[in-house]
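Participant: Predicted coordinates and the sequence they were generated for:
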Amino acid sequence: MGKVSITINGADVKNIYPAVTIGVSAAASGDEVIYFVLPSGLPAFVKGRMEELNEEAKNLPDLMEMMEGLNMLEARFLICELGFAVNGIKEEDLIEGCEVVGATTFIAVAQGSNLTFSF
């Protein structure tokens, strides 16, 4: 088992689906999965937005099911604290399971990753 770190640098379907798909595959294979959501990716993690992305992405696997799988497989979603002021979003607006951290925390947690991806 390894460690996979994934950064999300956008809130569109083209950023979220690949990141979630790779994460689900890694987690299902037994890898530890850590996401770091940069400020431009933060809007995707506001309550209700994942459902909207799911609707926008017809013919792709169900995003809500994949997110549920990631939660069950204990993937971590670290949210960059800088994104709140930039996007006018409050911590309580986030979906369940997100951890708000600084970039230094992500760097510490991601050390030793076998694979890294950025979307």
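Facilitator: In hand now; what should we look at?
Participant: Can you find which helix in the protein contains the most residues?
Facilitator: Taking DSSP state H as the criterion, the chain has its longest helix at helix 13-28.
Participant: helices and strands around the following helix or strand past that helix, which ones?
Facilitator: Next along the chain after helix 13-28, taking DSSP states H and E as the criterion, comes strand 32-37. Counting contacts by 3 or more CB pairs under 8 Å, 6 or more residues apart in numbering; DSSP states H and E, strand 32-37 packs against strand 3-8, helix 13-28, strand 76-80, helix 103-110. To be clear about C-beta, it is placed using only N, CA and C from the backbone, and glycine gets the same treatment.
Participant: how about a markdown table for the ones you listed, with distance to Glu92 added?
Facilitator: Converted to a markdown table, these look like this (distance: least, CB to CB, whole Å):
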| stretch | distance to Glu92 |
| --- | --- |
| strand 3-8 | 20 |
| helix 13-28 | 21 |
| strand 76-80 | 12 |
| helix 103-110 | 20 |
